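**Student:** Any chance you can model this:
(one chain, ligands or ions: 1)
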Amino acid sequence: MTSLAPRPSQTIETDVSRALAVEHLSFCYPTGKQVLDDIFLEIRANERVGLVGPNGSGKTTLFLLLCGVLAGEGLISVFGRQVIPGEFRPEVGLVFQNPDDQLFCPTVRDDVAFGPQNLQLATEEIDRRVRDALALAGVSALTERVPHQLSGGEKCMVAIAAVLAMQPQLVLYDEPSANLDLRARRRLIEFLQSARQSMLISSHDLEMVLEVCDRVVLLDGGRIVADGAPAVVLGNRALMEAHGLEKPHSLSPHHRDATGEQA
Ligand SMILES: Nc1ncnc2c1ncn2[C@@H]1O[C@H](COP(=O)(O)OP(=O)(O)OP(=O)(O)O)[C@@H](O)[C@H]1O
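**Tutor:** Coordinates of the predicted model:
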């Protein structure tokens, strides 16, 4: 869909082709700050959706609601099953904005094993998941390292591996490219392009969103104000500026790519 209007939704039903279905979601912090106001959002299985919006528009808050850490008003369902606040759902993975909030064990192996161990899996299955997740994230060589001694880019990919070890079907990435240098960011982009899960990626890195996502949702003032193809939403200068964002440089008519070719 490329309409800039928020998508209306039907009532939530058991539909496993929908990775996520959100209806009438509202949330207010105990301080009285109303962050989300009657949100509707659907993500199809295997869709990669970018979530953009100015600082404080509620992207992280939405993620905490989607994985049941916070309780709001309204309905959230993941692959056809309702999200109950406080109930652990291994099929929904959240990659934190700051990997230091996620990594706390003495070794990378322990951090990646932590989730599967809490699922009470057999030792061989835990070992297999740790190996597979580290390989998928391209960080097998870091297995025995101390997480807090890793570089920012290495921590980012280890934090992703720790989530992948839970074998989630829907992964929520909160600002994954923040603080990454060019090489680490490129590696992350290539990883996200090849990852098989449905994903919702919150980011201020609009060029990354353009490269990775099939669709973009713009959140502001507690509402979804646009939902559509990345080039259409992000390429709308008036819309972007009205919501404190900038049209990405690569969508400018005068943009030249690395070869010097004009776009
Ligand atoms: N625990 C809390 N108690 C009260 N208000 C909060 C709390 N956490 C966040 N907020 C407020 O809720 C609003 C939304 O914050 P949130 O972190 O969800 O936004 P965001 O879109 O992720 O921002 P950013 O792009 O800066 O990361 C902000 O005004 C923030 O100050």
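**Student:** Please enumerate the helices of the stretch 101-250 of the chain.
**Tutor:** All helices of the stretch 101-250 of the chain, identified by DSSP state H, counting those that start in this stretch, fall at 108-118, 123-136, 152-164, 182-194, 206-212, 230-234, 237-242.
**Student:** Quick one, which of those helices gets closest to the ligand.
**Tutor:** helix 206-212 (12.6 Å; Cβ to the nearest ligand atom). Bear in mind the C-beta positions are built from the backbone N, C-alpha and C, glycine included.
**Student:** pLDDT weak spots in this structure?
**Tutor:** Residue ranges of the chain with pLDDT under 70: 1-16, 256-263.
**Student:** Buried residues in stretch 241-252, which are they?
**Tutor:** Going by neighbour count (16 or more other Cβ atoms under 10 Å), the buried part of stretch 241-252 is 243, 245, 247-248, 250-251.
**Student:** Start and end of it, how far apart?
**Tutor:** 14 Å (Cα to Cα, to the nearest Å).
**Student:** Which of the helices of the stretch 101-250 of the chain has the highest mean neighbour count?
**Tutor:** Greatest average neighbour count among the helices of the stretch 101-250 of the chain goes to helix 152-164 (a mean of 24), per mean count of other Cβ atoms under 10 Å.
**Student:** hmm, who's touching that helix?
**Tutor:** With contact meaning Cβ atoms under 8 Å, 6 or more residues apart in numbering, helix 152-164 is reached by 93-96, 99-100, 102-103, 108, 111-112, 114-115, 132-134, 136-139, 142, 145, 147, 150, 171, 173, 176, 179-181, 183-185, 187-188, 191.
**Student:** That one vs helix 182-194, what angle?
**Tutor:** 20 degrees (axes from the mean of the first three to the mean of the last three Cα atoms, to 10 degrees).
**Student:** Just want the angle from helix 152-164 to helix 108-118.
**Tutor:** 20 degrees.
**Student:** Near residue 17, how many residues? Count them for me, please.
**Tutor:** 9 (other Cβ atoms under 10 Å).
**Student:** same thing with residue 179?
**Tutor:** 14.
**Student:** go on, residue 137?
**Tutor:** Around residue 137 there are 25 residues (other Cβ under 10 Å).
**Student:** cool, the one 10 residues further on as well?
**Tutor:** Neighbourhood size, residue 147 [other Cβ under 10 Å]: 24.
**Student:** show me the contacts for it.
**Tutor:** Contacts of residue 147 by Cβ under 8 Å, 6+ apart are 103-105, 107-108, 111, 155, 158.
**Student:** likewise residue 214?
**Tutor:** 47-49, 229-230.
**Student:** Which of those residues fall within strands?
**Tutor:** 48-49 (DSSP state E).
**Student:** Name only those of the contacts of residue 214 that count as buried.
**Tutor:** Buried among those by 16+ other Cβ under 10 Å: 47-49, 230.
**Student:** Need those in CSV (columns: distance to residue 70).
**Tutor:** Output for those, formatted as CSV (distance: Cβ to Cβ, whole Å):
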residue, distance to residue 70
47, 23
48, 24
49, 20
230, 28
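**Student:** circling back: for my notes, please list the buried residues of stretch 241-252 in a markdown table and give distance to the ligand for each entry.
**Tutor:** A markdown table is the format used below for these (distance: Cβ to the nearest ligand atom, whole Å):
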| residue | distance to the ligand |
| --- | --- |
| 243 | 11 |
| 245 | 11 |
| 247 | 18 |
| 248 | 17 |
| 250 | 21 |
| 251 | 21 |
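**Student:** Residue 83 reaches residue 76, doesn't it?
**Tutor:** Yes: between residue 83 and residue 76 there is a contact at 4.2 Å, judged by Cβ atoms under 8 Å.
**Student:** Give me the domain ranges for this protein.
**Tutor:** Listed by the TED database, the domain ranges of the chain are 18-91+168-246, 101-158.
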